[in-house]
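Q: Any chance you could fold what I've pasted below:
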Amino acid sequence: MMTSTMNQSFQRVPDSTPIEEEQLPGYVAEDCYPIAIGEVLDSRYREVCKLGRGVGSTVWLAKDVCNSQYQVLKVCTHTSDGMAPQQADHEIAVSQHLKTAPVQQHPGKLGVRTVLDSFPLCGPYGQHMCILYSPLGMTFTELRNLLPGRKFEKRMLQHGIQFLLLAIDYLHKNSVVHTDIPPNNILIGVSDDSVFSQLEQDELASPVARKVLPDRTVYLSRPMPRTNGNLVLCDLGSARMGRDKYQGDIMPDVYRSPEVILGMEWSSKVDIWSVGVMIWDLLEGRRLFNAKRDGILNDEQHVAEMVSLMGKPPREFVQRSDRASAFFDDSGNWIGSIPIPNQPLEDRIDQLHGEDKQLLLGFVRRIPRWLPKERPTAEELAYDDFLMQAYFASQSQPG
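A: Numbering: from 1, shown residues only. Prediction:
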């Protein structure tokens, strides 16, 4: 492990105070590789600063000592058998599939971040997989939290959702379903490396606070400044590829589609459902579905809220799942134990009015459908009147 030559004047966090990955459920210190800022991994990638952490990895800004280019390095936790986590292996496989997939000339290709390279790293307690990516800016969640009222304005929403749909269409045309599209997995692009140079200089001049333990140092993540690139859809670790229909539990919490909740087969249309749900996170700063009872995620509550927005499901949908009989009779009438809440879509939009609101309603009503086949494709949605509003307005201007 290489020690850093940077300014050693930093705030030391008390040993008893959990920070960063230590606060995540299921954290085991020995599962995480003990990176030190300034360390060089694989004889090539010098760690500049920490950018974030998740349940299965820590994420770092690194500088390639061979060509001075900045990269993002995800260092995965190890597993008990010493092999790289399955999700990391899967993300690498999906990225390799996309590099040779049949559809390459597509406007959404640049909107999907794939793995550049990977290498194994031997740690004190096992082997870790390290994954390299092109560096990007902050997430949509972080951007939203910087905006007035923690809400996107209309044009920003239209621009972002349209680029996202093109990225999803690129994946779908290459038989890849993302399955995990909340704002945290959408990052803003960066037009030049100066933002990363500034992060490196800031870390040298004013190192982040950290906890220094006998066997490791746990660093605070350095916030990413706002940048002006187009969005990029990230994290293919939960993606599926190569089939039309799949089974199994996917999607995060309130983003789950009805067919996933009820244990049915699902398809690429789960990604379309995610886009429809996410719009409320960005535009209104609140969830479209609460989906909780007494603070705990609850399927019955979730499905009841779906009925409120979509009406009763068709018989064709109900008959696809044995689980549906807990909530619906054979005709799709609600028989659940809780009343259907009153929350129509038009009452959930506060930020837009008049024509803007009607265009948005026309867009979002195309998405929440019980039957996946009735949801539009990503390509069809990308050219909806709401998303094309600014373009149509520019075409109507004289001259």
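
Q: where in the stretch 51-200 of the chain is pLDDT low?
A: 79-85 (pLDDT under 70).

Q: Show me where it has its helices.
A: Ranges of helices within the stretch 51-200 of the chain are 86-99, 140-146, 154-173, 194-205, based on DSSP state H, counting those that start in this stretch.

Q: Format these as CSV; extra columns: mean neighbour count.
A: From N, CA and C alone the C-beta is placed, and that goes for glycine too. Below are these laid out as CSV (neighbours: other CB atoms under 10 Å):
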stretch, mean neighbour count
helix 86-99, 18
helix 140-146, 17
helix 154-173, 22
helix 194-205, 16
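
Q: Endpoints of stretch 94-108, how far apart?
A: 16 Å (CA to CA, to the nearest Å).

Q: closest one to residue 301 among the helices of the stretch 51-200 of the chain?
A: helix 140-146 (23.7 Å; CB to CB).

Q: With just CA atoms, put that closest one into CSV.
A: What follows is helix 140-146, C-alpha atoms only, in CSV (Å, rounded to 0.1, in the frame of the first residue of the first chain):
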residue,chain,number,x,y,z
PHE,A,140,-29.8,13.4,-10.7
THR,A,141,-30.6,13.1,-7.0
GLU,A,142,-27.7,15.3,-6.1
LEU,A,143,-28.6,17.8,-8.8
ARG,A,144,-32.3,17.9,-7.7
ASN,A,145,-31.2,18.5,-4.1
LEU,A,146,-29.3,21.7,-5.2
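
Q: Against which helices or strands is that helix packed?
A: Packing contacts for helix 140-146, counted by 3 or more CB pairs under 8 Å, 6 or more residues apart in numbering; DSSP states H and E, involve strand 186-188, helix 269-283.

Q: what sits against the residue lying closest to residue 32 once chain neighbours are set aside?
A: Leaving aside its chain neighbours, residue 32 sits nearest to residue 77 (5.7 Å; criterion: CB to CB, 6 or more residues apart in numbering). When the contact criterion is CB atoms under 8 Å, 6 or more residues apart in numbering, the partners of residue 77 are 31, 32, 33, 56, 57, 85, 128.

Q: Check residue 225 too.
A: Applying CB under 8 Å, 6+ apart, the residues near residue 225 are 137, 138, 195, 198, 199.

Q: Next: residue 154.
A: Residue 154 touches 283, 351, 352, 356, counting by CB under 8 Å, 6+ apart.

Q: quick one: which of the contacts of residue 77 is nearest residue 251?
A: Closest to residue 251, out of all of the contacts of residue 77 and judged by CB to CB, is residue 56, at 17.2 Å.
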